[in-house]
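Trainee: Sequence plus predicted model, see below.
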Amino acid sequence: MTTPLWRTVFAIIRKDLRAELRSRELVSTMVLFALLSVLVFSFALELDRTARQEIVNGILWVTLVFASILGLNRSLATERELGGMDAMMISPIPRMAIYLGKMVGNFLFVLVVGLSLLPVMTILYNIVLIQIPLLAILVLGVFGLASIGTLLAAMTAQTRSRETLLPIAMLPVIIPLLLVVIAAASAVLKNEDAWGWIGVLGLVDIIYAMLGLLLFEYVIED
Amino acid sequence: MTTAVKNDAFAPPNRLRLLTIATVIFTAIGLVMAMFVAKTDVDQGDIQRIFYFHMPSFFGAFVAFIATVIGGVNYLRTRENRWDTLALAGVEVGLALSLINLITGSIWARPIWNTWWTWDARLTSAAIMCLTYAAYLMLRSGIENPEKRRVFSSVYGIVAITTAVLTLVIIRIVPTTIHPAVIGPSPQNAEGAFEFSQNVAMALGPNFIIWGFLIPITLIWWRIRLQNRADAVQMRKIEALAE
Amino acid sequence: MSDQLRPLIEVVDLVKQYDVLPVLRKLNLNVQRGEFVALLGPNGSGKSTLLRLLCALTRPTSGEIRIGGWSLPKEINAVRSQIGLVSHKPLFYENLTATENLTFVGRLYNIPANELSERIRQLLEEVGLLKRAHDLARTFSRGMQQRLSIARALLHQPDVLLFDEPYTGLDQMAGGILDDLLRKAHQSGRTIIMTTHQLERAETLVSRAVIIKKGVIGYDEQINPASPPNLVKIYTEVTGMVNAL
């Protein structure tokens, strides 16, 4: 009687994409925030060529992390406002599907933000960021953010001070991910071999996704 | 039943008494070993002695955070409150020990690295680890529904161990760190490494067991008892109000 | 054992505690197929908790629940597919249209796509929202949200319908429309359990009234809608409180 996992996941992703395409609430907020953040950084830090090269990855990822926190907060809050989460909770679906569906949606939204930042930062910082290894790092890094972020946001969305609690809960926990991402991206910009780091990044992603899959059902139940 | 609880509540069990006395005695012995028995380091002088507490206290914190994971996993499985109490005790004791770790490290770094603090990978990740567990306590206090609080804390306590593991392994994976490794070869940039001689091992061994196991276990045990007492008071309050 | 004899819903010795605070204390309740039960009681008596337990939104501390022969929590998804819930929250998404919301729910219940669109059209017609089928749910009034909610709960053709305070926030006219929808659902053979504070409304609709008092059943009688008893008076006698709306 249980609805198959993949059908449910697909339905949740379609629902989120449909709502987002119509309102553009999430992505437009995140993109605008990200652009502003990048501009603020470039004004606040007067950088020469070598300094730019060293810091550009840091700016990109700090911006993406904060933008993703904005998006995650919103994405899980919509599930609570009119009780969409309860509608899923009373239907005969595998709980894991809710996690996978929300996670893939958040992954896609943050990825859009990341992809739109790359050309902008390439121009502003005069460093070519559109390279295959950097794109791989972007995809894997954003996947990590979405997988642990969806789990944490599902928790904080149920607390009293949800908007403020997510960054406090999420920032320290994603440091391992950030560390590997920055190491990998710096290696690419220095023309060193980055694939070893990208492999470690994949490993971190797997750990986060496992934690999300295993623990999500506990945080949404009542 | 109620009277039994009443009598027990004030007297700690004999095992805990024994453990506490043992911990106090051994801590004193460890102190003597580190301060007077171990020979003075040729390069660093007396300041090197702080290492006998610095590294073991990190290990004790790690043990306490592992207790949090065990408590969290078991709480999610069984829904018995005592496991959540274990997790909470692990966080608080671990946090205290990692603060000792940070402070002793800082005192050591002042003469050796010529600075109290530097944004080295190891130091940064140790600080992040502390913040993660501080976030655990904040998350806990932000949830009113007690059942939800326990579930969320369990989940976060499990997730948080990733930062402790990272702190443990980071000197092996980040080549630029200046933090020396105790066991195995230090990173090439490490400053302040010293020879791991028999003399060092003799003072480190006991302190490692004292700070890594005896102290965290004793403190966690006492903290659990404290929490049980607080819960009992809370329960009385609710019962009284429900009448 | 035939379907006729066995109650559709069986609740045995149900206990729900929040920490030490008991909400339900060994509650027993059987509901036959086709009954329309009003679940009454003061705030905090445990009636909402009972509904949440019946649709498996929360798990019992102890005791048993069986619905249609399936038991909770073991056969949870079998139970879920035969229950429809209308809660005081509408349980949908404001940035989706009425049709899109229902399509999403239909997919969650694994209703085949070719059947789904026809069912949605029919249901929207039944609840009088066909004209607004392609409007965003956030533009709906409270009454319309409630009707869309009922369409959502009926979509997978459940045997059991649970209503949690459905009259909250509805004006006189919307309340009247809800009366009609409830009657229709009951006449079509569905089993309904509804919590409410609207005693006069309940009198004329339901076939049985149950009053919960401090976590157990304090009153349980069949009701003949032709000559309804004075529920307000009974309520005051059983609970010792004046029903506050």
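Mentor: Ah, there it is.

Trainee: Same question for residue C:6, what's its three-state structure.
Mentor: Classification of residue C:6 by DSSP: H, G, I helix; E, B strand; the rest coil places it in coil.

Trainee: right, and it touches residue C:68 too?
Mentor: No - Residue C:6 lies out of contact with residue C:68 (Cβ atoms under 8 Å); the separation is 9.1 Å. From N, CA and C alone the C-beta is placed, and that goes for glycine too.

Trainee: contacting residues around the closest residue to residue B:37 other than its chain neighbours?
Mentor: Closest residue to residue B:37 apart from its sequence neighbours, by Cβ to Cβ, 6 or more residues apart in numbering or on different chains: residue B:203 at 6.2 Å. Neighbour list for residue B:203: B:30, B:33, B:34, B:37, B:38, B:52 [criterion: Cβ atoms under 8 Å, 6 or more residues apart in numbering or on different chains].

Trainee: ok, now with 10 Å
Mentor: Residue B:203 is in contact with B:30, B:32, B:33, B:34, B:35, B:36, B:37, B:38, B:39, B:49, B:51, B:52, counting by Cβ atoms under 10 Å, 6 or more residues apart in numbering or on different chains.

Trainee: Sort out for me which of the residues you listed are in strands.
Mentor: Applying DSSP state E to the contacts of residue B:203, no entry is found in strands.

Trainee: Buried members of the residues you listed into PyMOL, please.
Mentor: The following PyMOL line selects those of the contacts of residue B:203 that are buried, judged by 16 or more other Cβ atoms under 10 Å in any protein chain shown:
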select buried, chain B and resi 30+33+34+38+49+51+52
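
Trainee: mind putting the contacts of residue B:203 in JSON lines, pLDDT included?
Mentor: JSON lines is the format used below for these (pLDDT from 0 to 100):
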{"residue": "B:30", "pLDDT": "92"}
{"residue": "B:32", "pLDDT": "91"}
{"residue": "B:33", "pLDDT": "89"}
{"residue": "B:34", "pLDDT": "88"}
{"residue": "B:35", "pLDDT": "88"}
{"residue": "B:36", "pLDDT": "88"}
{"residue": "B:37", "pLDDT": "85"}
{"residue": "B:38", "pLDDT": "84"}
{"residue": "B:39", "pLDDT": "83"}
{"residue": "B:49", "pLDDT": "90"}
{"residue": "B:51", "pLDDT": "90"}
{"residue": "B:52", "pLDDT": "91"}
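
Trainee: Off-centre distance for the biggest helix by length in chain C?
Mentor: If each helix of chain C is counted by residues according to DSSP state H, the longest one is helix C:172-187. A distance of 13 Å separates the centroid of the chain from that of helix C:172-187, by Cα atoms, centre = their mean, to the nearest Å.

Trainee: Just want to check the distance between the residue in chain A that chain B sits nearest to and residue A:34.
Mentor: At 3.9 Å from chain B, residue A:172 is the closest residue in chain A, using Cβ to the nearest Cβ. Residue A:172 is 22 Å from residue A:34, where distance means Cβ to Cβ, to the nearest Å.

Trainee: next one: residue C:189
Mentor: Separation of residue C:189 from residue A:34 (Cβ to Cβ): 55 Å.

Trainee: got it, and residue C:230?
Mentor: Residue C:230 sits 65 Å away from residue A:34, going by Cβ to Cβ.

Trainee: which one of those two has more residues nearby?
Mentor: Under the criterion of other Cβ atoms under 10 Å in any protein chain shown, the comparison of residue C:230 against residue A:34 puts residue A:34 first, with 24 against 12.

Trainee: and stretch A:51-67, does that touch chain B?
Mentor: No - against chain B, stretch A:51-67 shows no contacts by Cβ under 10 Å from any Cβ of the partner chain, the least distance being 12.6 Å.

Trainee: Report the secondary structure state of the residue nearest to residue B:196 when sequence neighbours are not counted.
Mentor: Spatial nearest neighbour of residue B:196, chain neighbours left out: residue B:182 (6.7 Å); criterion: Cβ to Cβ, 6+ apart. Following three-state DSSP, we place residue B:182 in the coil state.

Trainee: For residue B:182, give me its contacts.
Mentor: B:51, B:54, B:55, B:171, B:193, B:194, B:196, B:200, B:204, B:208.

Trainee: Tell me which residues touch the one residue sitting closest to the centre of chain C, please.
Mentor: Geometric centre of chain C, nearest residue: residue C:162, 1.5 Å, by Cα atoms, centre = their mean. Going by Cβ under 10 Å, 6+ apart, residue C:162 touches A:90, C:39, C:50-52, C:54-55, C:83-87, C:153, C:191-195.

Trainee: Can you point out the helix or strand that includes it?
Mentor: strand C:160-164 (DSSP states H and E).

Trainee: Residue A:26 too?
Mentor: Going by DSSP H and E, residue A:26 is in helix A:25-44.

Trainee: Verify the contact between residue B:154 and residue B:80 for me.
Mentor: No - applying Cβ atoms under 10 Å as the test, residue B:154 and residue B:80 come out as separate, 11.4 Å apart.

Trainee: which residues do these two both contact?
Mentor: Any residue near both residue B:154 and residue B:80 by Cβ under 10 Å, 6+ apart counts here, and that gives residue B:74.

Trainee: Got the phi and psi for the residue of chain B found nearest chain A?
Mentor: In chain B, the residue that lies nearest chain A is residue B:132 (3.9 Å; Cβ to the nearest Cβ). Main-chain torsions, residue B:132, degrees, to the nearest 10: phi -60, psi -40.

Trainee: Could you pull up the residues touching it?
Mentor: So residue B:132 contacts A:168-169, A:171-173, A:175, B:65, B:91, B:95, B:156-157, B:159-164, B:166-167 (Cβ under 10 Å, 6+ apart).

Trainee: run the last query once more with 7 Å
Mentor: Applying Cβ atoms under 7 Å, 6 or more residues apart in numbering or on different chains to residue B:132 gives the contacts A:172, A:173, B:160, B:163.

Trainee: Let's have those in a markdown table, adding distance to chain C, neighbour count and secondary structure.
Mentor: Output for these, formatted as a markdown table (distance: Cβ to the nearest Cβ, whole Å; neighbours: other Cβ atoms under 10 Å in any protein chain shown; DSSP: H, G, I helix; E, B strand; the rest coil):
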| residue | distance to chain C | neighbour count | secondary structure |
| --- | --- | --- | --- |
| A:172 | 30 | 23 | helix |
| A:173 | 28 | 23 | helix |
| B:160 | 25 | 25 | helix |
| B:163 | 31 | 24 | helix |
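
Trainee: Mind putting those into TSV with pLDDT?
Mentor: Listed next are the contacts of residue B:132 as TSV, based on pLDDT from 0 to 100:
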residue	pLDDT
A:172	93
A:173	94
B:160	96
B:163	93
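
Trainee: ok, and what's touching stretch B:115-131?
Mentor: Contact with stretch B:115-131 is made by A:172, A:175, B:95, B:98-99, B:101-102, B:106, B:109-110, B:163-164, B:166-167, B:170-171, B:174, B:176-179, as judged by Cβ under 7 Å, 6+ apart.

Trainee: Next: stretch C:230-245.
Mentor: Contacts for stretch C:230-245 (Cβ under 7 Å, 6+ apart): C:40, C:41, C:42, C:197, C:199, C:202, C:203, C:209, C:211, C:213, C:218, C:219.

Trainee: so the third one sits in a helix?
Mentor: No - assigned with three-state DSSP, residue C:42 falls outside any helix and is coil.

Trainee: and it, how many neighbours does it have?
Mentor: Other residues near residue C:42 come to 19 when the count uses other Cβ under 10 Å.

Trainee: got the angle for the lengthiest helix in chain A vs helix A:25-44?
Mentor: Selection of the longest helix in chain A by residue count, based on DSSP H, yields helix A:49-81. Here the directions of helix A:49-81 and helix A:25-44 differ by 150 degrees (axes from the mean of the first three to the mean of the last three Cα atoms, to 10 degrees).
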